[in-house]
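**Student:** Kindly return the folded structure for what I paste below:
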Amino acid sequence: MIEKQPVANLTGKVKEFALLFIPILLVSFSSCLFLLVEKVLLAQLSIEEMEAAVSVAYICQIFQIVCISLAMMAQVSVAGWFGAENWKTIGPGIWQFIWFSFLSMFLTVPLGLAYGNYYLAQTSIQEIAHPYFYFLSSINFIYPLGTALSCFYLGRGKTRLVLIASVGSQILKIALAIPLILGWGSWVPSFGLLGGAISTLLAQGTYCVVLFGAFCSSENRRNFSSNLWKFQPRLFWECIQPGILRATNRILNVTCWASIAQLMAAKGGDYLVILSIGGALSLFLPFLGDAICQAQTIIVSQIIGARKFNLLGKAFFSGILLAAVFVVLTSILLVGFSTFTFEYLFTNVAMDPGVIHRVFLGVWVSFAFYTFGYVGISYILAFKDMNFSLLMGAFNWINGYLLMYIALEKIEISADKFWLVHSLMHGSTTLLYFLRTKVLCSRAAATLRLPSGLPSYENSR
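**Tutor:** Residues are numbered from 1 along each chain as shown. Just a heads-up that it's a prediction; the model follows:
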């Protein structure tokens, strides 16, 4: 018999959110940690290697994040099916996302190569970046594949296997990256950038194999019909369609950011260095927002599936509270001890302490707004409000690229102020997501004739 999740006992309180959030946080942290470690290792070889890795990461993220965000809709689907006790649809549904992962290569490879070659042609690091870029582009499918398989467990609130597999794969990735990037005496030559790509393939491939093996177990075949692997066009469209507009949102967001990064990279000098240093941190820090988004989306999706709309307000404040705690904690290293953190991570880079403080302050403010924004984004995803998601993707070209173009090309701000100005984009975006969340919760409450969508904090405790 299937183990039933106590959906009926959902409360939306901080404790319930934390029990799901902490394992997902560890998974997300372990995944993002390598992005920082890789850049720090490459900085030990040369600043050009690190700059190339950061620039390629911005290019590849356009296609990785788009595919991952679409595959992440499996989490919403699984949570909804599980909350509605429609368990036999879960296995076939996950298979549709697996098929999507492989089919995505028909688009990501040609488009990725075309855009990447154009992007790198504008920079001074194109020669050393190209092999690394080609390798990562060829293995893009493993990212949505791993995401889809993890959603089978996370959507049901089952975090143990995903946590163990994710942490294990990241340990393997770092253990392989150190000798492959830096070399190991006469035993292993230094592969530099390619060393990081090879370790990524081996570790992420292992992660997918472990989760897929468990997905195909006899228990999951019996309870969730995970043996029904055939491509089903109608179910495929039902699963993928809500994520198309979200994927379009992500395309708009990441191309917007890549275009902003290109403005900085084209200036070279201090602009490229500060972009790379802040970029190394900003590729790592989103692990918190990602964990909040996943945990909140699961809880809100289950609440919607169970039609307990009166709990939406409590869940919102639980997410905000935990986000605030972690944002304050990160300020200790990024703001309070910015020089120490910089010197520890980037030993081969010399920079004035005042510049370091302004750069790290800007990165932290951007990170804070970005993290709070994910609380609102989780509601947009759970309600499948993809039209608004698409609108926000387009809006980011106004409050993002246009803002930074004026700042960099017209006002000509100094490089050390880049991240502070960039934080205005995340602040305005977060405000709009919060306002939309209030509207969605109010509409849901009205269906049950409740007085309001987001109660005051005092009433929500």
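
**Student:** Which residue ranges of the stretch 51-200 of the chain form helices?
**Tutor:** Ranges of helices in the stretch 51-200 of the chain, per DSSP state H, counting those that start in this stretch, are 73-83, 90-103, 105-120, 126-138, 142-154, 160-182, 193-215.

**Student:** List the contacts of stretch 327-342.
**Tutor:** Stretch 327-342 has contacts (CB atoms under 8 Å, 6 or more residues apart in numbering) with 277, 281, 285, 288, 349, 351, 353, 356-357, 359-361, 363-364, 367-368, 371-372. Bear in mind the C-beta positions are built from the backbone N, C-alpha and C, glycine included.

**Student:** tell me the average confidence for it?
**Tutor:** In this model, stretch 327-342 has an average pLDDT of 87.

**Student:** One more: stretch 270-289?
**Tutor:** 78.

**Student:** Okay, buried residues for that stretch please.
**Tutor:** 271-289 (16 or more other CB atoms under 10 Å).

**Student:** which one's the longest helix in the protein?
**Tutor:** helix 233-267 (DSSP state H).

**Student:** Hmm, residue 279 and residue 57 touching each other?
**Tutor:** Yes - between residue 57 and residue 279 there is a contact at 7.4 Å, judged by CB atoms under 8 Å.

**Student:** follow-up on the earlier one: list the helices and strands the longest helix of the chain packs on?
**Tutor:** In terms of contacts (3 or more CB pairs under 8 Å, 6 or more residues apart in numbering; DSSP states H and E), helix 233-267 is packed against helix 47-71, helix 73-83, helix 90-103, helix 269-284, helix 386-396, helix 403-405.

**Student:** Can you list the buried residues in that helix?
**Tutor:** Judged by neighbour count (16+ other CB under 10 Å), helix 233-267 contains these buried residues: 235-236, 239-240, 242-243, 245-265, 267.

**Student:** Please tell me how far the closest residue to residue 356 other than its chain neighbours sits from residue 281.
**Tutor:** Using CB to CB, 6 or more residues apart in numbering and skipping the chain neighbours, the partner closest in space to residue 356 is residue 342 (4.8 Å). Distance of residue 342 to residue 281, computed by CB to CB, to the nearest Å: 10 Å.

**Student:** between these two, what contacts are shared?
**Tutor:** residue 360.

**Student:** Residues contacting stretch 203-218, please?
**Tutor:** 91, 94, 139, 142-143, 145-146, 149-150, 152-153, 161-162, 165-166, 168-170, 172-173, 176, 220, 226-227.

**Student:** Buried ones in that stretch, by neighbour count?
**Tutor:** Buried positions in stretch 203-218, judged by neighbour count with 16+ other CB under 10 Å: 203-204, 207-208, 210-212, 214-215.

**Student:** For that stretch, give the mean pLDDT please.
**Tutor:** Stretch 203-218 comes out at a mean pLDDT of 88.

**Student:** check contacts around residue 41.
**Tutor:** Residues in contact with residue 41 (CB under 8 Å, 6+ apart) are 177-178, 181-182, 196.

**Student:** pretty sure residue 52 is touching residue 128, no?
**Tutor:** Yes - proximity of residue 52 to residue 128 meets the contact threshold set by CB under 8 Å, at 5.1 Å.

**Student:** Those two - which one has more neighbours?
**Tutor:** residue 52 (27 against 18; other CB atoms under 10 Å).

**Student:** and that one, how far is that from residue 160?
**Tutor:** From residue 52 to residue 160 the distance is 38 Å (CB to CB).

**Student:** Equivalent analysis for residue 349, please.
**Tutor:** The gap separating residue 349 from residue 160 is 40 Å, by CB to CB.

**Student:** between those two, who's got more neighbours?
**Tutor:** Legend: neighbour count by other CB under 10 Å for residue 349 and residue 160, higher for residue 349 (15 against 9).

**Student:** what about the residue nearest to the spatial centre of the chain, is that helix, strand or coil?
**Tutor:** The centre of the chain sits closest to residue 290, judged by CA atoms, centre = their mean, with a distance of 5.0 Å. Secondary structure state of residue 290, per DSSP: H, G, I helix; E, B strand; the rest coil, is helix.

**Student:** Renumber starting at 820 from here on
**Tutor:** With 820 as the first residue, the last one maps to residue 1109.

**Student:** doesn't residue 1193 make contact with it?
**Tutor:** Yes - using CB under 8 Å, residue 1109 makes contact with residue 1193 at a distance of 7.3 Å.

**Student:** how close does residue 1070 sit to residue 1050?
**Tutor:** 25 Å.

**Student:** Could I get the contacting residues of the residue lying farthest from the centre of the chain?
**Tutor:** In the chain, residue 1005 marks the outermost C-alpha relative to the chain mean, sitting 37.8 Å out by CA atoms, centre = their mean. For residue 1005, no contacting residues are found, by CB under 8 Å, 6+ apart.

**Student:** same thing with residue 1044?
**Tutor:** So residue 1044 contacts 907-911 (CB under 8 Å, 6+ apart).

**Student:** likewise residue 909?
**Tutor:** 897, 900-901, 971, 974-975, 1043-1045.

**Student:** Can you pull the residues that touch both of residue 871 and residue 947?
**Tutor:** With CB under 8 Å, 6+ apart, residue 871 and residue 947 have common neighbours residue 1012.

**Student:** Just the buried ones among the contacts of residue 909, please.
**Tutor:** Buried among those (16+ other CB under 10 Å): 897, 900-901, 971, 974-975, 1043-1045.

**Student:** Taking these, tell me the two that lie furthest apart.
**Tutor:** Farthest pair in those (CB to CB) is 974 and 1044. Separation: 15.1 Å.

**Student:** got JSON lines for the helices of the stretch 870-1019 of the chain, with distance to residue 1266 too?
**Tutor:** As requested, the helices of the stretch 870-1019 of the chain are exported to JSON lines (distance: least, CB to CB, whole Å):
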{"stretch": "helix 892-902", "distance to residue 1266": "16"}
{"stretch": "helix 909-922", "distance to residue 1266": "26"}
{"stretch": "helix 924-939", "distance to residue 1266": "38"}
{"stretch": "helix 945-957", "distance to residue 1266": "45"}
{"stretch": "helix 961-973", "distance to residue 1266": "27"}
{"stretch": "helix 979-1001", "distance to residue 1266": "33"}
{"stretch": "helix 1012-1034", "distance to residue 1266": "35"}
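
**Student:** Looking at the helices and strands packed on helix 1052-1086, spot the one closest to residue 1260.
**Tutor:** Between the helices and strands packed on helix 1052-1086, helix 1205-1215 lies closest to residue 1260; by CB to CB that is 13.6 Å.

**Student:** Mind checking the pLDDT average for the closest one?
**Tutor:** 83.

**Student:** Could you do stretch 1053-1068 as well?
**Tutor:** Mean predicted lDDT for stretch 1053-1068 stands at 76.
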